[in-house]
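> Turn this into a model:
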Amino acid sequence: MRADIVVIGAGPGGTAAALTATASGRKVVLVESGDVGGTCLNRGCVPTKTWIAASHLLRGAAWGENIGMSASVPDFPKLQAHMRGVVGMVQKGLLSTFKKKGVELLTGSASFTSPETLEINNGETTVEFSRAVIAVGSRPVDIFGREPGFYNSDNIFAIETLPSSIAIIGAGAIGVEMASFFRSMGCAVTLVEAMDDILPAADGEIRAVVKREMKKSGVAIMAGTKIKNAQSQGGECILETEDGSIVKAEAVLTAIGRRPQTGSLGLDKAGVRTDVRGFITVDNTMCGSREGIYAVGDVAGKALLAYTAHHEGIIAARNIMGEPAHMDYRFVPSIIFSSPEIGSVGPTEEQLKQTGKPYRAGRYHVRALARAQAGGEIAGLVKVLVGEDNSILAVHMASPMATELIHSAVMAMAAGMKADKLAEIPFGHPTFSESIPLAVAAALGRSIY
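Predicted coordinates for the structure are as follows:
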């Protein structure tokens, strides 16, 4: 088989690259060894946010009892059926789009045999190509194997019944999201983190807000704690920490990071280099060490986020089509579906202090918003960091709908908007979004109500 462009992996990055390239009339072959949609659709973003949406309903119903509304009891099997229905619907949509746009989808495992050829399923099919995009994604770091009751962030979505208790190892974005979900479902949750605090990459004040609310909800947090041994015994999972503590739970979820899925790709035959962690080294055009072979998404190791992968796929395809484009990571937001949610763009206050860059910080507490009081969602903080030249250096927020609100800040920063201009834009009232210009005003030392 001959193709202008071969794309390996039909996740967000591979899909974006394939559809962008085929729009220019190129012959595109897309190879996927599993279900289309990659980790994001099948084992990540979409299943997780379906669960999170249900947990939001439960929290709202619980608060509703204060104003005469009745809370419901979670029906987990029905929720699982809904989640699988959502995944299936999006899969069908992708398959239909590939067919409509002329992307040829091949099912199987791909491996390079040279810089211009690859084989699928050990030689069952050979594809010759002019350009290639590698978008095979990553897999969870799984330290406990397949012990009964032990799950990773991929296979947790296959769980059929809610455990009475769950221990989650790793308090990054995935671990915190899962802790929030399972606690909302009524499970006893213990969150174990080897670092000194949860969400180590987050701004300190934002992290503190989420940590406080997690503790208030009943999540037990064990930070600065490393697991020494783990076993399944008598239907119970037992974790032993390095300090001798014992954690027992019906289920254990490991969420301590991800590794690139490059092992069987034959990258050496294609002349593609990787770093010490196995991620493919790329430049800002997403091209790797071999001219004509690009890598996008998790496998490129820049930012393991579905929306970053999507944009990287478009950048790679544009360069293949002769339209120079470069990836700019300065304005890629970080979003975490915790409770409250986290939205962030730009360096943290701790990072600015380390570099010695002058800044002014402005803060606005969510509880001061009429919208927050009206809906009973009062936990949160919005923080804006402003430079000496009045530039907006960063925005960090823990707030209801922060995963949506942060994009207002992203657009302002990407457009080069100055802080005083943003502070003067009238935002709707009563809304959560008005906290952004109010925090900016605070950074500028202006009077705010």
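
> Please count neighbours and contacts with C-alpha atoms only from this point.
OK.

> Secondary structure element for residue 354, which one?
Following DSSP states H and E, one finds residue 354 within helix 349-355.

> list the helices and strands that helix packs on?
Helices and strands touching helix 349-355, by 3 or more Cα pairs under 8 Å, 6 or more residues apart in numbering; DSSP states H and E: there are none.

> model confidence over that helix, on average?
Mean pLDDT, helix 349-355: 97.

> Could you do stretch 370-385 as well?
93.

> and what of stretch 311-329?
Here the average pLDDT along stretch 311-329 is 96.

> picking that back up, which residues does the helix or strand just after the helix holding residue 354 contact?
For helix 349-355, the following helix or strand on the C-terminal side (DSSP H and E) is strand 359-365. Contacts with strand 359-365, where a contact means Cα atoms under 8 Å, 6 or more residues apart in numbering, come from 352, 379-388, 435-436, 438-444.

> correct me, but residue 40 touches residue 306?
Yes - with contact defined as Cα atoms under 8 Å, residue 40 reaches residue 306; the gap is 6.2 Å.

> so what sits against both of these two?
Contacts common to residue 40 and residue 306, judged by Cα under 8 Å, 6+ apart, are residue 12.

> List of residues touching the helix holding residue 354?
Applying Cα under 8 Å, 6+ apart, the external contacts of helix 349-355 come out as 203, 204, 358, 359, 385.

> And those residues, which of them are buried?
203, 204, 359, 385 (16 or more other Cα atoms under 10 Å).

> helix/strand/coil for the nearest residue to residue 51 once chain neighbours are set aside?
Once flanking residues are discounted, residue 51 sits nearest to residue 181: 6.8 Å by Cα to Cα, 6 or more residues apart in numbering. Following DSSP: H, G, I helix; E, B strand; the rest coil, residue 181 is assigned to helix.

> Could I get the pLDDT score of residue 181?
93.

> So which bits of whichever strand in the chain runs longest are buried?
What stands out as the longest strand in the chain, according to DSSP state E, is strand 125-134. Going by neighbour count (16+ other Cα under 10 Å), the buried part of strand 125-134 is 126, 127, 128, 129, 131, 132, 133, 134.

> can you list these in JSON lines and add pLDDT and distance to residue 418?
Shown next, in JSON lines, are these (pLDDT from 0 to 100; distance: Cα to Cα, whole Å):
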{"residue": "126", "pLDDT": "95", "distance to residue 418": "54"}
{"residue": "127", "pLDDT": "95", "distance to residue 418": "51"}
{"residue": "128", "pLDDT": "96", "distance to residue 418": "50"}
{"residue": "129", "pLDDT": "96", "distance to residue 418": "47"}
{"residue": "131", "pLDDT": "96", "distance to residue 418": "41"}
{"residue": "132", "pLDDT": "97", "distance to residue 418": "41"}
{"residue": "133", "pLDDT": "97", "distance to residue 418": "38"}
{"residue": "134", "pLDDT": "97", "distance to residue 418": "39"}
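
> how about TSV for the residues you listed, with distance to residue 105 added?
Listed next are these as TSV, based on distance: Cα to Cα, whole Å:
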residue	distance to residue 105
126	14
127	12
128	15
129	15
131	16
132	15
133	14
134	15
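
> Keep only those of the buried ones among the contacts of helix 349-355 that are in strands.
Of the buried ones among the contacts of helix 349-355, the ones assigned to strands by DSSP E are 359, 385.

> got CSV for the buried ones among the contacts of helix 349-355, with distance to residue 83 too?
Below are the buried ones among the contacts of helix 349-355 laid out as CSV (distance: Cα to Cα, whole Å):
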residue, distance to residue 83
203, 32
204, 33
359, 44
385, 38
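
> Of the contacts of strand 359-365, select the buried ones using a PyMOL command.
Those of the contacts of strand 359-365 that count as buried under 16+ other Cα under 10 Å are selected in PyMOL with:
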select buried, resi 352+379+380+381+382+383+384+385+386+387+435+436+438+439+440+441+442+443+444
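
> Return the subset of the contacts of strand 359-365 lying in strands.
381, 382, 383, 384, 385, 386, 387.

> So what does the closest residue to the fourth one other than its chain neighbours have for phi and psi?
Among residues not flanking residue 384 along the chain, residue 395 sits closest, at 4.5 Å (Cα to Cα, 6+ apart). In this entry, residue 395 is assigned phi and psi values of phi -140, psi 130 (degrees, to the nearest 10).

> how many neighbours does residue 395 have?
By the criterion of other Cα atoms under 10 Å, residue 395 has 30 neighbours.

> And it, how close does it get to residue 338?
In this view, residue 395 and residue 338 are 17 Å apart by Cα to Cα, to the nearest Å.

> Restricting to C-alpha, output the longest strand of the chain in CSV.
Taking C-alpha atoms only, strand 125-134 is exported to CSV below (Å, rounded to 0.1, in the frame of the first residue of the first chain):
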residue,chain,number,x,y,z
THR,A,125,0.3,-5.3,5.3
THR,A,126,3.2,-3.1,4.2
VAL,A,127,2.8,0.7,3.8
GLU,A,128,5.2,2.9,1.9
PHE,A,129,4.9,6.6,2.8
SER,A,130,6.5,10.0,2.2
ARG,A,131,5.8,11.4,5.7
ALA,A,132,4.7,9.8,9.0
VAL,A,133,3.2,11.0,12.2
ILE,A,134,3.7,8.9,15.3
